[in-house]
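K.L.:
3D model of this:
(5 chains, ligands or ions: 5)
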Amino acid sequence: MSATPAISLQDVEKSFGSTRIIQGATLDVLDGERHAIIGPNGAGKSTLFHLISGHLVPTSGRIELRGRDITGMAPYRINRLGLSRSFQITTLFHRMSVVENIRCALYYPLGYRYSFWRLCPRLKDVHERADEILERLGLTGRRDVMAGMLSYAEQRALEIGLTVAGGADVILLDEPTAGMSRSETARAVDLIRALTENKTLVMVEHDMSVVFELADRVSVLLYGEVIATGTPNEIKSSRQVQEAYLGVEVA
Amino acid sequence: EPVKIAYIDPLSGGFANIGNAGLAHFRFMAEQLNAENALPDGLTYEIVPFDNKINAAESLTVLQSAIDQGIRYVVQGNGSSVAHALVDAINKYNQRNPGEELLFLNYAAIDPALTNEKCSFWHFRFDAHVDMKIAAMTDYLVDRPEIKKIYLINQDYSFGHAVAAAAEKMIAEKRPDIEIVGNDLHPLVKVKDFSPYVAKIQQSGADAVITGNWGNDLSLLVNAGKDSGLDVEWLTFYAGLLGGVSALGDAGVDHVRQISEWHSNVPNEETDAIVTEFKAQYPEFDWAYYRVGVLMDMLTKAINEAGSADPKAVAFALEDMRIDTPVGEVWMRKDDHQSQQKLYLATLAKGQKFDLENSGIGFKTDQEFALEDTVLPTTCEMQRPE
Amino acid sequence: MLQVRNLNAYYGKSHVIDGIDLDVEAGQIVSLMGRNGAGRSTTIKAIMGLVQADGSIRFGDMELLGLEPHQIAHCGVGYVPENRDIFPSLSVRNNLLLGVKSGRGKGRWSPEDAYDLFPVLRERADTAAGFLSGGEQQMLAMCRTLMGDPDLVMVDEPTEGLAPLMVAKVKELLLEIARRGASILLVEQKLTIAPEISERLYVMGHGRIVFSGTPAELEADHALRREWMEV
Amino acid sequence: MEGWIFFLFNGIVYGLLLFMMSSGLTLIFSMMGVLNFAHASFYMLGAYFAYQISTIVGFWPGLVVAPILVGCIGALVERYFLRTVHRHGHVAELLFTFGLALLIEETVVLIWGRNPVPYSVPLDLDFALFQIGGTSYSAYKIFMMAVSIAMFVFLYGIIARTRTGQIIQAALTHPETVGTLGHNVPRIFMLVFGAGTGLAGLAGVIGGNAFVTEPGMARALGTIVFVVIIVGGLGSLTGAFIASLLIGVIQTTAVAIDVSLTDVFATVGVNLQEVPLHELWSKRISDVAPILPYLLMVLILVLRPRGLLGTRDS
Amino acid sequence: MTLGSRFAPLALVLGTVVLLALLPHMFDSRYALTLLNQLGIGIVFALSYNMLLGQSGLLSFGHAVYFGLGGFTALHALNAITDGDLPLPVPLLPIVGGLMGLAVGIILGWVSTRRSGTIFAMISLGFAELVAACSNIIRGYFGGEEGISGDRMSGPVLFDLTMGPQRDVYYVIAAWMLVSALLMYLITQTPLGRMANAVRDNPQRVAFVGYNPQTVRFLMFALSGFFAGIAGSLFAINFEIITAQAVGIEYSASVLMMAYIGGTGYFLGPVLGAIIYTALSIVLSAYTEAWMFYLGVFFIIVVVYAPNGVSGILAVHEPVLRARLMHRLLPAYALAFVTGAILLIGAVVVIESSYHLSQPGALTTTMSLGGIEYDADAWRAWAFGLGALAVGAFLLRETIRSVGGAWADVRTRMGGEAAA
Ligand SMILES: Nc1ncnc2c1ncn2[C@@H]1O[C@H](COP(=O)(O)OP(=O)(O)OP(=O)(O)O)[C@@H](O)[C@H]1O
Ligand SMILES: Nc1ncnc2c1ncn2[C@@H]1O[C@H](COP(=O)(O)OP(=O)(O)OP(=O)(O)O)[C@@H](O)[C@H]1O
Ligand SMILES: CC(C)C[C@H](N)C(=O)O
Ligand SMILES: [Mg+2]
Ligand SMILES: [Mg+2]
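P.N.:
Residues are numbered from 1 along each chain as shown, chains lettered A, B, ... in the order given. Ligands and ions are numbered 1, 2, ... in the order given. Okay, here's the model as predicted:
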């Protein structure tokens, strides 16, 4: 692991009107680690993601991506610097086919940008990459189905696929397994693990089994503050965390 | 074998009523002439209506289909803008298709340019143009010394501009003491509430307003004036045009004057018969376009003289033609294809022999202008085919 | 209280619910379990009049089938949808107030009760509900339905996406609802709280009821759980 | 000074008329999110119905009956068409009302012909009430202003003060859920659409005789009513009210200003005769008055897309 | 890729070229050429509009602005050619107009594409009204109510095209139509085209695959302005006149109707729409005064019952055709067609008769319809019309039900095959 953290938050604050939702969050996500953020509902986890990905602009504080200041940058520029995220509520391109969804995530990273003089059917590299990703997502069989027609679990998988396809090396996943059954969850965990090999992963998750299975380190967010960071086992045994989040019984 | 005449005017949309009124005039005349066997060789007239939605570009589309149907004569009147477009297109067509020429007979588009700098051999105008009418109107003003301040309000297009320009120029010549206290141009048919304009007129202290407005632009304007208690004299061109009088109502009586080549209360038995007969056939309309009758009569005479309905021969026959009409002679001047005729200034009044739109209100002559007095010079340099 | 007989439901042409029978007695908590896509949500949507269905649904002495959703609601059936469907542009308070049915007197629940149970709702009372976090929205959706004072509450996946501490609160709320005299039809997939609070459980598979019994009986039936519930 | 008060007053008169004509549109738009392109057509229907009724029993019964008739037609349109179209989204809805406008205009032509009908101001109100700066104001104009203000108060009552407004706002995004809470959404939608078109009809009854009742009157009313609700802010009634007055005052005052930019610059010694677009600069403010509302609308949309008091982004 | 599929597009293009070249020989009346020319213009215009509505999800009420300004510029350029100031062959004028459309698209697009949805629609309406109103003010450029006219028989001659005869104009329009349509199609196949679809579906997500949704919208907007400008120039060449109406709201509305009637979901949808719309408005208006009524009814039927347009209706038949089940639908269709025709005849009689009666200028109550003369005021005509209307409506309802039945049958058969 290199010395500069992949993502670093310094005293980040965010208020909506007079309510402070994120109150001075400070957090370093190390390069190459899988980092889970847990916390009670409304703690500000999704908000934190929005801040990192540029969807929202922090009220104060500083956010760095690999040492580079990205505070207040537009989402697409942050994405171009190698950070990609998924959404808690699935957001796909519903009226396009599954494979076209993935391709959309590839044009920019593969350098085609806003080109209106190159024909997509000729872009071999895009096609190969897209098919390869579909293969890994297990969606090859659904290649030409419109994304809006997929089942929920398939949509979640595609959501993850869209997030990682561009080859970003910092991946943010917001509750990737929400709404999935146990077996689907297990499959999703494997998928995430495979797809984020050698990448930095930050995820929000309520399902503790997923958290403890996947994460190298866990941070606990409470009232917009990071109250603890540590290995899963450290977190599990922390009294403070138990009271604040896990309740009496630990999953 | 009919002589087909394309009637190109608005037949749908906001101006449809005016277009339909003109159409009725032409149909009426065609029937009369056909019944009299006025054309040689068993020829008859057929009026073929085309809707141009009062759009210059659209007019050219329908002109195309008229040509497709083998039509060689075009009549139009509503809007000098359309007339300009037609003249242009017909000039080009005639040049590109020798032997298949079209002839344009204009019964109401009165921008002076059409028989001056933009004159064409293929265009004949049967109505007095703006300068001629304003000349008459200003002659009338000479006898009305109590009018000291005049306000000009016109539609913002070539015809309205022509009215404003002619009025400014001729008032300065004939009544230099009159002050022009305002000169407004407003967009064609877009204004819904004229009260701001009326307020301006009121503030200016004008005694009279000169306006070329027609259709709703006139009735809304005069009505707004009535509502605000505006007490001025309206000197207009088209108060008698369809829809005008009923919209004006009593507001117009004694306040609204019109300059035109004729009106139904010009005493003459022959025209009285036409007015009555026309009303019987078309109860919705009144015989208002005297010049349509003149146009059809002159055309008939020209076809007879030329011995064929070929537009080129007919055009030559029309040049310099003189014809006697019930109220006097009409002369088609060769230099510019502008008809020369009598003009009348008349006021809306109650209790006249003929009313308009069944409103009980009709025109009453204030002053009559003889043909010789309405003649104006032209700048036309006519190019004639061999 | 609720008697469903031979219920069939359709999405367009696809036959999703295939002749099921189901009962909820007054004051009971009954759960409907099963795998993804088994048809649980569709069942309660059918009861609520939201999907095309045939068969018979009796509630008290009313036949619900064929009524419009708003009429069914007026019969005393409450429904908390799976995806919460809070009204994002309205404030939290107005969301709650919309739950109150016109022409009804004071019922078992008032907005104050909701605020007391979930103080965060009071704090956010004037915020547009769309800005609430996922969990907060779930609480709001449940409370909103309670404002209409239903005699039967049908809740679809109330613990989905909730932190463990919150799950416990939802459980409390459900028990409180039952305590105040309403019956509950709970739809759940992951066996988070259903076995603990239900008196009876149904398990669905492929649009049919494949099991009905007490939590203990379900606990004992390993084969069934393996086949139909993926534990 | 007196002149300014005079123009201000005229502006307010005009503004109130604008509000009267756009109030039904505001109601439907702010509650249902439907931009009703046929609004002006319902306005026209109101005028024609009132004319027809007035030929039989006089103006006053028509004032009540015509708007109700128009409202019923609106409600039927909602019930049998708009509701179906609603499922295909907002664009389809917009286009439907657009087609409806075409159809209503043609139907009016079919029944009443293309010429204006003689629908005139009732004699009871056809007299000058008072004068400002030499201009008299007819009782009918004051009556129109009163109706406009009454409409504002009435609408303010429904939109801001009742649950109906909120039910509808909620139903915009989640109609089913609102239904499960016990509210009869379709009926409310129908009523609101009926009320909105009824208001348009009322404006027609009152405006039809003040201006001209003819088949082109809907088209002539045109997009100015949209300008009002957009400048006011999507979904804001008060905004629409303020915007009407603002536009009224701006337009009326502009007509009175006979100065052009070229004149203004000439006084400080700068000659604009030669610069590009000199035609534009040499136009007098009074000549460009008709475009000012649209200019205002574009500026507002660019600088403050929600409009003056709007609460919603779309 | 097989050889066939590789050359299929090429064959399609070649086929179209041949067809376009033959058309004027098949229909050589002046009127047919007029119609064809306007069809060509409408097609380019509608396709350019669909780059916004169908492909980028931008509902514009002001597309005529780019069309019109392109046309005006082309005409000014044409006049410059006539005056000898511009050595450009007339058939190449659309390049000038297109560039103007592009330039205006860039300027106005820069402001308006910062927004999407209803706000965008309203901004477009605002710009449209503004430009339309300005046309009254900047008379030098727009020529006031008269518009600007020119003479296309000037300047250097290209390929023997003197531009005098209609047919020369037809070839120019056809060529430009083909090239523009091809280019616009190819744009849908580029990364920008695909991202435009993505922005339409989900702008939020687009930002997280590296694109600025505003930039995507902006580029599409500007390009669509370019093609609208080409369409406007073709209009200018065809009519040799352009008036302020060309930038007005009615042209914007008509292009919207074209695209929507044809169907915005398919590339060729707007082509179909342009053909239907132009034919209805030109041909019908030559035969009946009620053409706007029919157009309105037709449009409403499409919006209410066929939201994907005519091409959407055709598209649902594609799988049926492929499954060779079309013959199962045809009998029901034939029945519906017959009953529909009864309804239509009744409706036409009623509508035409009442128009005839309500119109001033009708000489008598006698009128002729389809060659049959009758008295529009007699009860017999009305009884016939209303009767046919009622009977047709009743029967149509029944036959539509049988169409539904046939469809259900076809669907189950196809479902069976898909499962097999
Ligand atoms: N735009 C906003 N305006 C006002 N409050 C907001 C806004 N967005 C979020 N909030 C508030 O911020 C808090 C944190 O929300 P966030 O969605 O980040 O929570 P979360 O930790 O992701 O919870 P969950 O696990 O339930 O999804 C919530 O209380 C929410 O109500
Ligand atoms: N709107 C719809 N149209 C067509 N089919 C649907 C629709 N909604 C659900 N289905 C199908 O109906 C079946 C039952 O769905 P339902 O939502 O009732 O399942 P569930 O048991 O609630 O599962 P879960 O909520 O875990 O997905 C599924 O096969 C699903 O694909
Ligand atoms: C028919 C007339 C009102 C037309 C008008 N005189 C014009 O020249 O434009
Ligand atoms: Mg969250
Ligand atoms: Mg479910």
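K.L.:
Could you pull up the residues touching residue B:188?
P.N.:
Residue B:188 is in contact with B:155-157, B:160, B:217, E:145, counting by CB atoms under 8 Å, 6 or more residues apart in numbering or on different chains. Where you see a C-beta, it was placed from the backbone N, CA and C, and this is true even at glycine.
K.L.:
so which pair among the residues you listed is furthest apart in space?
P.N.:
B:217 and E:145 (12.9 Å; CB to CB).
K.L.:
So for those two, which sits in the more crowded spot?
P.N.:
residue E:145 (29 against 23; other CB atoms under 10 Å in any protein chain shown).
K.L.:
helix, strand or coil for the more buried one?
P.N.:
helix (DSSP: H, G, I helix; E, B strand; the rest coil).
K.L.:
does stretch B:60-80 come close to chain D?
P.N.:
No. Judged by CB under 8 Å from any CB of the partner chain, stretch B:60-80 stays clear of chain D, getting no closer than 13.7 Å.
K.L.:
Give me the residue at the spatial middle of chain B.
P.N.:
The centroid of chain B falls nearest to residue B:108 when counting by CA atoms, centre = their mean (3.0 Å).
K.L.:
rewinding a little: closest one of the contacts of residue B:188 to residue A:11?
P.N.:
residue B:156 (63.4 Å).
K.L.:
Now do the contacts for the closest one.
P.N.:
Taking CB under 8 Å, 6+ apart as the test, what residue B:156 contacts is B:185-188, D:287, E:136, E:144-145.
K.L.:
okay, it: pLDDT?
P.N.:
Per-residue pLDDT puts residue B:156 at 83.
K.L.:
Let me see the backbone angles for it.
P.N.:
Main-chain dihedrals, residue B:156, degrees, to the nearest 10: phi -80, psi 70.
K.L.:
how close does it get to residue C:74?
P.N.:
From residue B:156 across to residue C:74, the span is 61 Å (CB to CB, to the nearest Å).
K.L.:
Name the helix or strand for residue C:41, please.
P.N.:
Assigned by DSSP states H and E, residue C:41 belongs to helix C:40-47.
K.L.:
and that helix with ligand 5, contact?
P.N.:
Yes. Using CB under 5 Å from the ion, helix C:40-47 reaches ligand 5 at residue C:41.
K.L.:
So residue B:378 belongs to a helix, correct?
P.N.:
No. The assignment for residue B:378, made by three-state DSSP, is coil rather than a helix.
K.L.:
Most proximal residue of the stretch 151-300 of chain D with respect to chain B?
P.N.:
residue D:216 (3.1 Å; CB to the nearest CB).
K.L.:
I'd like to know how far that residue sits from residue E:133.
P.N.:
Distance from residue D:216 to residue E:133, by CB to CB: 19 Å.
K.L.:
go on, residue B:307?
P.N.:
Residue B:307 sits 53 Å away from residue E:133, going by CB to CB.
K.L.:
The two - which one has more neighbours?
P.N.:
Legend: neighbour count by other CB under 10 Å for residue B:307 and residue E:133, higher for residue E:133 (20 against 12).
K.L.:
nearest spatial neighbour of that one, skipping sequence neighbours?
P.N.:
residue D:291 (3.6 Å; CB to CB, 6 or more residues apart in numbering or on different chains).
K.L.:
For the stretch 151-300 of chain B, give the residue positioned nearest to ligand 1.
P.N.:
Residue nearest to ligand 1 within the stretch 151-300 of chain B (CB to the nearest ligand atom): residue B:192, separated by 43.3 Å.
K.L.:
ok, residue 216 - how many residues close by?
P.N.:
No chain was given, so I picked chain A. Counted with other CB under 10 Å, residue A:216 comes out at 13.
K.L.:
my bad, the chain I had in mind was chain C
P.N.:
Residue C:216: 10 neighbours (other CB under 10 Å).
K.L.:
how near is it to residue C:171?
P.N.:
Taking CB to CB, one finds residue C:216 at 18 Å from residue C:171.
K.L.:
check which helix or strand covers residue D:143.
P.N.:
Residue D:143 belongs to helix D:139-161 when assigned by DSSP H and E.
K.L.:
then that helix to PDB, C-alphas only?
P.N.:
Taking C-alpha atoms only, helix D:139-161 is exported to PDB below (Å, rounded to 0.1, in the frame of the first residue of the first chain):
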ATOM      1  CA  ALA D 139     -67.800  50.300 -15.200                       C
ATOM      2  CA  TYR D 140     -67.200  47.100 -17.100                       C
ATOM      3  CA  LYS D 141     -63.500  47.400 -16.900                       C
ATOM      4  CA  ILE D 142     -63.800  47.800 -13.100                       C
ATOM      5  CA  PHE D 143     -66.000  44.800 -13.000                       C
ATOM      6  CA  MET D 144     -63.400  42.800 -14.900                       C
ATOM      7  CA  MET D 145     -60.800  43.900 -12.400                       C
ATOM      8  CA  ALA D 146     -63.000  42.900  -9.500                       C
ATOM      9  CA  VAL D 147     -63.600  39.500 -11.000                       C
ATOM     10  CA  SER D 148     -59.800  39.100 -11.500                       C
ATOM     11  CA  ILE D 149     -59.100  39.800  -7.900                       C
ATOM     12  CA  ALA D 150     -62.000  37.600  -6.800                       C
ATOM     13  CA  MET D 151     -60.400  34.800  -8.800                       C
ATOM     14  CA  PHE D 152     -57.100  35.300  -7.100                       C
ATOM     15  CA  VAL D 153     -58.700  35.100  -3.700                       C
ATOM     16  CA  PHE D 154     -60.600  32.000  -4.600                       C
ATOM     17  CA  LEU D 155     -57.700  30.200  -6.000                       C
ATOM     18  CA  TYR D 156     -55.500  31.200  -3.200                       C
ATOM     19  CA  GLY D 157     -58.100  29.600  -1.000                       C
ATOM     20  CA  ILE D 158     -58.000  26.300  -2.800                       C
ATOM     21  CA  ILE D 159     -54.300  26.000  -3.600                       C
ATOM     22  CA  ALA D 160     -52.700  27.200  -0.400                       C
ATOM     23  CA  ARG D 161     -55.300  26.600   2.200                       C
END
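K.L.:
Now that helix: buried residues?
P.N.:
Of the residues in helix D:139-161, D:139-141, D:143-145, D:147-148, D:151-152, D:155, D:158-159 count as buried by neighbour count, 16 or more other CB atoms under 10 Å in any protein chain shown.
K.L.:
which helices and strands sit right next to that helix?
P.N.:
When contacts are defined as 3 or more CB pairs under 8 Å, 6 or more residues apart in numbering or on different chains; DSSP states H and E, helix D:139-161 packs onto helix D:2-32, strand D:128-132, helix D:163-173, helix D:185-210, helix D:237-256.
K.L.:
Just name the most buried of those.
P.N.:
Of the helices and strands packed on helix D:139-161, the one with the most neighbours on average (mean count of other CB atoms under 10 Å in any protein chain shown) is helix D:185-210, at a mean of 25.
K.L.:
Sweet, I'm off.
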